[in-house]
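In: Sequence isn't available, so here's the structure alone:
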């Protein structure tokens, strides 16, 4: 107990690394996921096939195995040598999260009724106007809840990089627990509380966005 | 193909799409060939590095690891179903004494990373001669996490039953327990079964985390293989293939059950916390 309190800066620094990992991976995953989603809803069959192959493969692979590729196997191939661990972690987590982001966005697009776009075309809107005023606003609104879930899961998933030597929150808890074997419960609660705060913050942000963008249907 | 994003293409657009298709195919083929040449130039395709995966002794060791991984996933899902039922029904109880603790427990275990939970369980009860060991630490951590997700699934499944069912049951004089066990749960199981199978995929993927606490299973065997032969890349490919194969089988079963039992309705899905009400049929990574 005293160990955690007197070394509280280590706890905070560990969570700062978790936040960095989550934020960077979130941005990268959002970009990759948007690309994948665009490929999956687009008109070119080959691109649709390529994107859905990637989604199927990565969604069924454990994040830990993705991390093995990035942290353990890549140096053998001469890749990522001397890359900071944070970057490697971001690569692994965002490669893993991108398919889930893509699926969330795709479900948002699918939630827009066909009649909406048809009506827009019928009154003479161009493709750009149709996207800007009719389809995308509704699609974004519909994809906020699944995206929020995806980002929460991703934040929790950043813990996996602990296995490969990043001193983020989970690895730091292991460090503390290793030092004080009889006070594990207390330490677990401290770190669990940290994660719960992060998760609830993302959750609240998602809820806020959803409420702000809510429209009468 | 008509989509909300674009009209059915005309002849000129179709010609353009054909051009895109040809260009993309060329790019993808070039990418694959470049990848193969790259691997070859690093010597990663040489037979020595792949040999362990066709050597009977190592194949049986890997099969043993796969079996243990499947066991851990299967056990934790069985326990999680029981746990999820208790807490899912508990969350809907009329009594605040049962409702609030269930709610807290479920929310807590859903918000905490499985790996954190696993490390805590292992270092608290797992180590030492009389400890439960890494195997059961993995099973317990996965049970607590997946059970909490399933509790939400069960609740959503029961709430998805039309209200008339329980009202009719009450009106012919059934008790609360009777309504739950003979009217609501049998119908809800049908909606929930595909979601439970999909949760198996999540549990199976998470067994890989056991590597951090040196639990038996695929990743444990994998690490032994790559420390002995230095074939990290090849081992990772084999492990990923095994996980993907098993998960695809599970996904096929879930889809089949969904079509057979539920029909066109969307699969059950629950958000990651109680604040967000997920209404779309995507699965968040868990």
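Out: Done, it's in. These figures come from a predicted structure and were not determined experimentally.

In: Residue A:214 - how many residues pack around it?
Out: Neighbour count for residue A:214, taken as other CB atoms under 10 Å in any protein chain shown: 10. Glycine gets a C-beta too; all of them are placed from N, C-alpha and C.

In: Over to residue A:39?
Out: Residues contacting residue A:39 under the criterion other CB under 10 Å number 21.

In: Verify the contact between residue A:15 and residue A:192 for me.
Out: No: using CB atoms under 8 Å, residue A:15 is not in contact with residue A:192, being 11.9 Å away.

In: And the pLDDT for the most centrally placed residue in chain B?
Out: Nearest to the mean C-alpha position of chain B, by CA atoms, centre = their mean, lies residue B:202 at 1.6 Å. Note on residue B:202: pLDDT of 87.

In: Does the helix ranked longest in chain A reach chain B?
Out: The longest helix of chain A (DSSP state H) is helix A:8-41. Yes: under the criterion of CB under 8 Å from any CB of the partner chain, chain B is reached by helix A:8-41 at residue A:41.

In: Buried residues in the next helix-or-strand element following that helix, which are they?
Out: Next along the chain after helix A:8-41, taking DSSP states H and E as the criterion, comes helix A:45-59. By 16 or more other CB atoms under 10 Å in any protein chain shown, the buried positions in helix A:45-59 come out as A:46, A:47, A:50, A:51, A:52, A:54, A:55, A:58, A:59.

In: Reformat the residues you listed as CSV; add distance to residue A:102.
Out: Shown next, in CSV, are the buried residues of helix A:45-59 (distance: CB to CB, whole Å):
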residue, distance to residue A:102
A:46, 17
A:47, 12
A:50, 12
A:51, 7
A:52, 9
A:54, 9
A:55, 6
A:58, 10
A:59, 10
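
In: and the residues you listed as CSV, adding distance to residue A:174 and pLDDT?
Out: Shown next, in CSV, are these (distance: CB to CB, whole Å; pLDDT from 0 to 100):
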residue, distance to residue A:174, pLDDT
A:46, 45, 86
A:47, 43, 86
A:50, 39, 89
A:51, 37, 89
A:52, 37, 89
A:54, 33, 91
A:55, 32, 90
A:58, 27, 91
A:59, 28, 89
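
In: ok, so of those, who is nearest chain B?
Out: Set against chain B, the nearest of these by CB to the nearest CB is residue A:46 (4.5 Å).

In: Residue A:133 - how many residues pack around it?
Out: 12.

In: before we move on, the earlier item: pretty sure the residue nearest to the centre of chain B contacts residue B:150?
Out: No: counting by CB under 8 Å, residue B:202 stays clear of residue B:150, with 10.1 Å between them.

In: lowest-confidence helix or strand of chain A?
Out: Scoring the helices and strands of chain A by mean pLDDT, DSSP states H and E places helix A:2-6 at the bottom, with a mean of 76.

In: ok, that helix near chain B or not?
Out: No: judged by CB under 8 Å from any CB, helix A:2-6 and chain B are separated, with a smallest distance of 13.7 Å.

In: Who are the packing partners of that helix?
Out: For helix A:2-6, the packing partners by 3 or more CB pairs under 8 Å, 6 or more residues apart in numbering or on different chains; DSSP states H and E come out as helix A:169-179, helix A:184-212.

In: Cool, thanks, signing off.
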